[in-house]
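A.B. asks: one predicted model, sequence on top.
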Amino acid sequence: MSDAVESRASKALKRIALTALTFLLMVVMCVPGLWVVLSAFRPNAEILSKPPIWIPERLTLDNFAKIFGLGSDQIAIPVIAYFTNSFVIALTSTVIALLIGMAGGYAFARFRFRGKAGIFLGLMLFRAVPGIALSLPVFMLWSWMGLIDTQLGLIIVYVSLNVPFTIWLVDGFFRQIPMSLSEAAQVDGCTRWQAFWKIEFPLARSGIAAAGVFAFLTSWNEYALASQLTRSTDSKTLPVGLLDFTAQFTIDWAGMCAMAVIIIIPALILTFLVQKHLIAGLTFGGVQGYPMAANALEKGVKKYGSVGVVHGIDLRIAHEEFVVLVGPSGCGKSTTLRMIAGLEDITGGLIRIGDRVVNDLPPRKRNISMVFQNYALYPHMNVRENLGFGLKIAGETPERIAERVNEAAEILGLTPLLERTPAELSGGQRQRVAMGRAIVRNPDAFLFDEPLSNLDAKLRGQMRAEIKKLHQKVRTTVVYVTHDQVEAMTLADRIVVMRDGHIEQVGTPMEVFNHPRTTFVATFIGSPPMNLLPARIDGDAVRLADGTEVPVPDRLKPFVADGEELTLGIRPDDISPVGHGLSQDGPGAEIELTVELAEPLGMESLLYTRAAGQEVLAKLYGPRIVTPGERLNFRLALDRAHLFDTRTGLSVRARQPGGN
Amino acid sequence: MLFRRRERATPYLLLMPALAIMAFVVVIPLGFSLYTSFTGYRLIKPETISDFVGLRNYQRILTDLEFWVPFGRTVLFLTVALNIEFLLGLGIALLINQVTWGQRTLRTIMMFPMMFSPILVGFQFKFLFNDNIGVVNNALQSLGLTGFAVPWLVDGFLAFFSITFAEVWMSTSVFAILLLAGLFAMPRDPIEAARVDGCNPWQTFRHITLPFLMPFAYIAMAIRSLDVARAYDIVKVMTAGGPAGRTELLWTLIARTGYENSRMGMANSMAYVSTILSLLFTWYFYRKLVAARRYMGGLE
């Protein structure tokens, strides 16, 4: 016990020592700079005294007075002119570079276009041209254009110096902001420009501030180019002015130190003011490696999209219907949804909402609302503002907005949370706000893009029920995308099963479950998935690979031909040990199988058996213990079995006209 | 994101001002300097601009030790300075990362040298290293460590050391801050996993932390490569390439040839060589950066 205490104490001691050491080191690192600053406030004699006087005996502003020409020994250094030049040139070039860099950075962060990587690298490489090397031709060209010794001449150069790095930082910063925020704003009724101005710009503000400070400091401190391009007080900047203190063999150190302070102070103030942003700016903007990975993924999917993830979808959604698009990832369901929203371009065909063709309408004109997978809540607005944003953009009156927002908050139980920001909400609450944002606008259709996939299992179940209730309350058309077949089954009026950009089947949950049109649907919907066994029709029997025969179900007889190679599909629920199934009547067959593994789930057990050399899942109802290796007589409920064309995967019923 | 056909031009429109200004200030002048580098242009004789001499300037500089020695020295200077900056920056970042109390203040202090104009840094160290009145010698002598004034800026080797010192002082913060950002972004799990797998602290650092930090180091290198030529300001002020050319770097050589000796044609050909050196440098680290990103991206 005392050991633990001791080690904790020694750990704390170590930590204190480490902290002190680090502080000491950092201060030592600053000493050269501090010495200059200190010297600026000391009389010349003291600066030059031997041995050095470490602690100043008195501090004085004489050096400053001197360089401003106030002292007795007048050296005329036009500090004020230099300062003004520096300030005007640095500020103007910063503002222009920011505007240009913001436009460029935004283009890189948010668009795909030809030559993107090349242009980016090119901009960086141009920036890498050494200042002194660049100064030679610029000096010659500027001389001819009469730009030497003008503020404008230097401003132009500094803008070009700052644009590449500004683009880099701004690009990095915009990438940090999920694209879905801008998309959400556009769905909420913003134009692209409004989405930028109201959502993306405020969020990127700190990055832009950081970029601005860097640009300002670069211009403020630049010497190599300025020294060649300026001549007189018309345009000379402070760094160039420093040389005024050097004569042939002597340097006026005291004056120079004072001048140094004048140069450093604005830089320090500026840096200190945006210190927080500066670090964030560098960490986010400069270090964009990690988000870029995510971004690349997104691009990959989109590229996929442009090659055509979605082929000829033909789907009519009825008024107030709840339609769920379901399929494995990459099947094109999200792309389809984004096409409906207008976030993805379509290359052919028509999209109609109500009786309007909306192909070429931007999202804001489609009167839809969308709930994004990551919710896309605007982080800089509280819940109330998030909910009301779309209405505000639409120009609703504050009273009307408040009314609608309160109504929606009431429906979703958000009323106590209205003043919180998204960061202060739990996952489920964010989810509700996202839905609230969708319903306040009273849209023609709700689009949900995997809205529950970021929630844990329990919350997901709860929210699923809430969405269902919400739909019953609000009765609007819903298009809902998910990869979870349980969500599809429980929520949908109609399910659309998709694979590889094609619709596999459209139907009510029960239709899709009871009459899967293809083997894909058969295995995708329902859990555990349907067993599929290769088989051959032999007269009135289905013969499995190992020779086991079961009768062809009566209802499928008209659809099969003798000798045909088919796939027999039967759900685990329809294979049970005799006496332990759900229903024991109707046509069936009995076969004896060995249980290889049993998973008891309480009231039922999953049995892993083997038939015709293949693993077959079966279900046992009722609390009975089954031991592995046990041989049991299983009953197949053949009235619920399916036969699929082995070659096409189509249900035999779907092959025939009039079949399902 | 909207990629409507009519918006296909948007990114180009947005980039137009950036490309225009870069063309005006960089591309056109570079083209012009390329031309000039094939002439015997002298500033004091304007008519010599049309005095086309083909590759003579390049031939001369490439066969001239007066060019190759500064060239080699520049490469040496950059290699030494950047490596020291990286190591020191890494050390500072690791230290600050350990500190829990006052970390924000430490970061602010650390950024202090970044605020200094390179020309100011040059004067500052010229002031400190001055063999006569500089505080360094002053202190060394009054502490009795040396009996004489150390010729910091007069002796060739010491002068090279001094300019490297100044450059390192100015730019270490850039590495420190970016590597610190990397440490902040570092996930805990791999470190803990390594510890469970039996790594000692050094092994953890060597095999987990350091590889993770490398992309950040490349970012720092890439950023630094954009403005390493700012060291020109420092050298110009501290030694002006002296004594007797012992600290002459490509950049000071260019300035001397072009502006002081007015041999613009020659200077432009040197500038071209130095530009290509810079571009290769930037390009190299940019490639490294992209590759490292892709690699790290695969991990996530």
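C.D. replies: Looks like it arrived, so ask away.
A.B. asks: show me the shaky parts of the chain.
C.D. replies: I'll assume chain A. Within chain A, the ranges that satisfy pLDDT under 70 run A:1-6, A:71-76, A:248-249, A:276-313, A:581-587, A:656-660.
A.B. asks: I was after chain B.
C.D. replies: The model of chain B has pLDDT under 70 over residues B:1-7, B:292-300.
A.B. asks: for it, what spans make up the helices?
C.D. replies: B:10-22, B:28-36, B:56-62, B:65-98, B:103-110, B:118-129, B:135-142, B:156-185, B:188-196, B:201-204, B:210-227, B:231-238, B:250-255, B:264-299 (DSSP state H).
A.B. asks: closest to residue A:552 out of those?
C.D. replies: Residue A:552 lies closest to helix B:264-299 among the helices of chain B, at 51.4 Å (CB to CB). C-beta here means a position set from N, CA and C on the backbone, and glycine is covered the same way.
A.B. asks: from the chain's centre, how far out does the closest one sit?
C.D. replies: 12 Å (CA atoms, centre = their mean, to the nearest Å).
A.B. asks: what's the answer for stretch A:599-619, then?
C.D. replies: Relative to its chain's centre, stretch A:599-619 lies at 42 Å (CA atoms, centre = their mean).
A.B. asks: for that stretch, how far is the first residue from the last?
C.D. replies: With CA to CA, to the nearest Å as the measure, the first residue of stretch A:599-619 is 10 Å from its last.
A.B. asks: now that stretch: buried residues?
C.D. replies: A:604, A:605, A:607, A:608, A:609, A:611, A:612, A:616, A:617, A:618, A:619 (16 or more other CB atoms under 10 Å in any protein chain shown).
A.B. asks: out of the residues you listed, which is nearest to chain B?
C.D. replies: Using CB to the nearest CB, residue A:608 is the member of the buried residues of stretch A:599-619 that sits closest to chain B, with 33.8 Å.
A.B. asks: nearest residue to that closest one in space, ignoring adjacent ones along the chain?
C.D. replies: Spatial nearest neighbour of residue A:608, excluding adjacent residues (CB to CB, 6 or more residues apart in numbering or on different chains): residue A:597 at 4.1 Å.
A.B. asks: which strands or helices does the strand or helix carrying that neighbour pack on?
C.D. replies: Per DSSP states H and E: residue A:597 is located in strand A:588-600. In terms of contacts (3 or more CB pairs under 8 Å, 6 or more residues apart in numbering or on different chains; DSSP states H and E), strand A:588-600 is packed against strand A:549-551, strand A:604-611, strand A:614-621, strand A:631-637.
A.B. asks: the shortest one pairs with which strands?
C.D. replies: When you say that, I think you mean strand A:549-551. Sheet pairing of strand A:549-551 (DSSP bridges) gives strand A:541-544 (antiparallel).
A.B. asks: now the strand it pairs with, how far from the chain's geometric center?
C.D. replies: Centroid separation for strand A:541-544 versus its chain: 52 Å, with CA atoms, centre = their mean.
A.B. asks: contacts for that strand next, please.
C.D. replies: A:533-537, A:549-552, A:566, A:568, A:611-612, A:643 (CB atoms under 8 Å, 6 or more residues apart in numbering or on different chains).
A.B. asks: show me which residues of that strand are buried.
C.D. replies: Buried residues in strand A:541-544 (16+ other CB under 10 Å): A:542, A:543, A:544.
A.B. asks: pipe the residues you listed into TSV and attach distance to residue B:66 per row.
C.D. replies: Formatted as TSV, these follow (distance: CB to CB, whole Å):
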residue	distance to residue B:66
A:542	94
A:543	94
A:544	90
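A.B. asks: residue A:38: which of those is nearest?
C.D. replies: residue A:544 (93.8 Å).
A.B. asks: next up, the contacts around the closest residue to the closest one other than its chain neighbours.
C.D. replies: Spatially, and ignoring its direct neighbours in sequence, residue A:544 is nearest to residue A:612 (4.0 Å; CB to CB, 6+ apart). Residues counted as contacts of residue A:612 (CB under 8 Å, 6+ apart) are A:533, A:534, A:544, A:545, A:546, A:548.
A.B. asks: one more time with 6 Å, if that's ok
C.D. replies: A:533, A:544, A:545, A:546 (CB atoms under 6 Å, 6 or more residues apart in numbering or on different chains).
A.B. asks: who wins for most neighbours among those?
C.D. replies: Greatest neighbour count in these, by other CB atoms under 10 Å in any protein chain shown, goes to residue A:533: 21 neighbours.
A.B. asks: wait, what's in contact with that residue?
C.D. replies: A:544, A:568, A:612.
A.B. asks: make JSON lines out of the contacts of strand A:541-544 and add distance to residue A:434.
C.D. replies: Compiled in JSON lines, the contacts of strand A:541-544 are given as follows (distance: CB to CB, whole Å):
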{"residue": "A:533", "distance to residue A:434": "44"}
{"residue": "A:534", "distance to residue A:434": "46"}
{"residue": "A:535", "distance to residue A:434": "48"}
{"residue": "A:536", "distance to residue A:434": "52"}
{"residue": "A:537", "distance to residue A:434": "52"}
{"residue": "A:549", "distance to residue A:434": "55"}
{"residue": "A:550", "distance to residue A:434": "50"}
{"residue": "A:551", "distance to residue A:434": "53"}
{"residue": "A:552", "distance to residue A:434": "51"}
{"residue": "A:566", "distance to residue A:434": "46"}
{"residue": "A:568", "distance to residue A:434": "44"}
{"residue": "A:611", "distance to residue A:434": "47"}
{"residue": "A:612", "distance to residue A:434": "49"}
{"residue": "A:643", "distance to residue A:434": "44"}
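A.B. asks: show me which of those are buried.
C.D. replies: Burial by neighbour count, 16+ other CB under 10 Å: within those this picks out A:533, A:535, A:536, A:537, A:549, A:550, A:552, A:566, A:568, A:611, A:612, A:643.
A.B. asks: so what's the fifth one bridging to?
C.D. replies: According to DSSP bridges, the partner residues bridging residue A:549 are residue A:543.
A.B. asks: how about the first one?
C.D. replies: Listed beta-bridge partners, residue A:533: residue A:568 (assigned using DSSP bridges).
A.B. asks: distance-wise, check the residue nearest the centre of chain B relative to residue B:113.
C.D. replies: Closest to where the C-alpha atoms of chain B average out (CA atoms, centre = their mean) is residue B:228, at 2.2 Å. Residue B:228 sits 15 Å away from residue B:113, going by CB to CB, to the nearest Å.
A.B. asks: residue A:58: neighbour count?
C.D. replies: 8.
A.B. asks: how about stretch A:343-363 and chain B, touching?
C.D. replies: Yes: interface with chain B: stretch A:343-363 contributes residue A:345 (CB under 6 Å from any CB of the partner chain).
A.B. asks: and residue B:14, how far is that from residue A:116?
C.D. replies: 12 Å.
A.B. asks: over to residue A:198?
C.D. replies: 26 Å.
A.B. asks: more crowded one of the two?
C.D. replies: Set residue A:198 next to residue A:116 and count neighbours by other CB under 10 Å: residue A:198 wins out with 20 against 14.
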